[in-house]
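Quick one, what's the 3D model for this:
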Amino acid sequence: MQTDKDLFNLIKESYPLQPRQEFVSSTEDKLRQSARKVSRRYMMKRLSYVSSGIALCVLAFSWFFFFNGKDIVLNTLTSLGANETQDENIRTIEAVLQNALTGPSEELKEIINQTEWIEPLRQYEEKRYKKYFADDSSYMKFVNSYGAVLMNTPLRNGYQLKVKNIEYEKIDAKDMVYSFSVELQYQKEGSELWEVETVNGQANLTKEHKLEGVVIRINDFLGFLEN
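You can find the predicted model right below:
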């Protein structure tokens, strides 16, 4: 950037005649005055920007601390975390219910028709359920009550089951307990008609989104299929 002195020397060099000393002094004073005005305007503009920024920061902090801005931010973050946890829990419950209430599958039919079916059935259940449970105890309770056992009645009576829709409700936030309602479709072998029954239940989960216990209230429906 050129200084006042540089500008003054440039004028002197470009002037075709040797100017009078009075003219030189007067011109130099005017240039310096103009430069000072430009400099003042530039500084005022910068100060204006800085002041505006400070004012906005003060307003933002005032809103944050005195007008519940902090609470809104914290509540939003908490809500996002809670939603993510709930989504993960629901994915766990849904995977187990889909596996338990859809079937009997062709794979299961082949297993139970084998002479040595105990080990294949154990592997079949482990593959479908074990990873969703908190420990061996909770897993064994489930497969002994439901698992492949649940499909005995549909197999004997020639029915096919299929999950149509599942609704969830969190009933205990602290202990992560969910109730669920399943729209369960069923079809008799040889029929083209699918009918719908509602089955309810409850699931308890750990903080790691693993199942500690599951209750599926399906006995009345299975009794209906028997008749």
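
CA only for contacts and neighbour counts going forward, please
Will do.

from what I can see T153 touches N227, true?
No. Between T153 and N227 there is no contact under CA atoms under 8 Å: 10.5 Å.

Which one of those two is surrounded by more residues?
T153 (16 against 6; other CA atoms under 10 Å).

Name the residues of the longest strand seen in the chain that are buried.
In the chain, taking DSSP state E as the definition, the longest strand is strand 159-172. Going by neighbour count (16 or more other CA atoms under 10 Å), the buried part of strand 159-172 is Y159, Q160, L161, K162, V163, I166, Y168, K170.

what ranges do the helices span in this protein?
Using DSSP state H, the helices of the chain run over 4-14, 21-66, 69-101, 106-112, 118-129, 136-145, 152-157, 219-226.

lowest-confidence stretch among the ones you listed?
The minimum mean pLDDT among the helices of the chain belongs to helix 4-14 (a mean of 51).

just the buried residues of strand 159-172: which has the poorest pLDDT?
Scoring the buried residues of strand 159-172 by pLDDT puts K170 last, at 94.

Number of residues surrounding the nearest residue to that one once chain neighbours are set aside?
The shortest distance from K170 to any residue other than its chain neighbours is 4.4 Å, reached at Y178 (CA to CA, 6 or more residues apart in numbering). For Y178, the neighbour count with other CA under 10 Å is 21.

Test my guess that Y178 contacts E169.
Yes. Between Y178 and E169 there is a contact at 5.5 Å, judged by CA under 8 Å.

Please enumerate the shared neighbours of the two.
With contacts taken as CA atoms under 8 Å, 6 or more residues apart in numbering, Y178 and E169 have no neighbour in common.

ok, I216 to N200 distance?
Distance, I216 to N200, by CA to CA, to the nearest Å: 6 Å.

Check K174 too.
Separation of K174 from N200 (CA to CA): 22 Å.

Same drill for those two, tell me which one is more crowded.
N200 (16 against 8).

leaving aside the residues next to it on the chain, what's closest to A148?
E125 (7.1 Å).

still on that earlier bit, would JSON lines of the buried residues of strand 159-172 with distance to N99 be doable?
As requested, the buried residues of strand 159-172 are exported to JSON lines (distance: CA to CA, whole Å):
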{"residue": "Y159", "distance to N99": "16"}
{"residue": "Q160", "distance to N99": "13"}
{"residue": "L161", "distance to N99": "11"}
{"residue": "K162", "distance to N99": "10"}
{"residue": "V163", "distance to N99": "9"}
{"residue": "I166", "distance to N99": "13"}
{"residue": "Y168", "distance to N99": "17"}
{"residue": "K170", "distance to N99": "21"}
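
and which of these is nearest H209?
Set against H209, the nearest of the buried residues of strand 159-172 by CA to CA is K170 (13.5 Å).

Would you mind confirming that that closest one makes contact with A203?
No. Taking contacts as CA under 8 Å, K170 lies outside contact range of A203: 9.7 Å.

what is in contact with the two at once?
V177, Y178, S179.

Just send these back as TSV, with distance to W194 too.
As requested, these are exported to TSV (distance: CA to CA, whole Å):
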residue	distance to W194
V177	31
Y178	28
S179	25
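
So which of those belong to strands?
Residues of the shared contacts of K170 and A203 located in strands (DSSP E): V177, Y178, S179.

Counting neighbours, what do you get for the last one?
A count of neighbours around S179, defined by other CA under 10 Å, yields 18.
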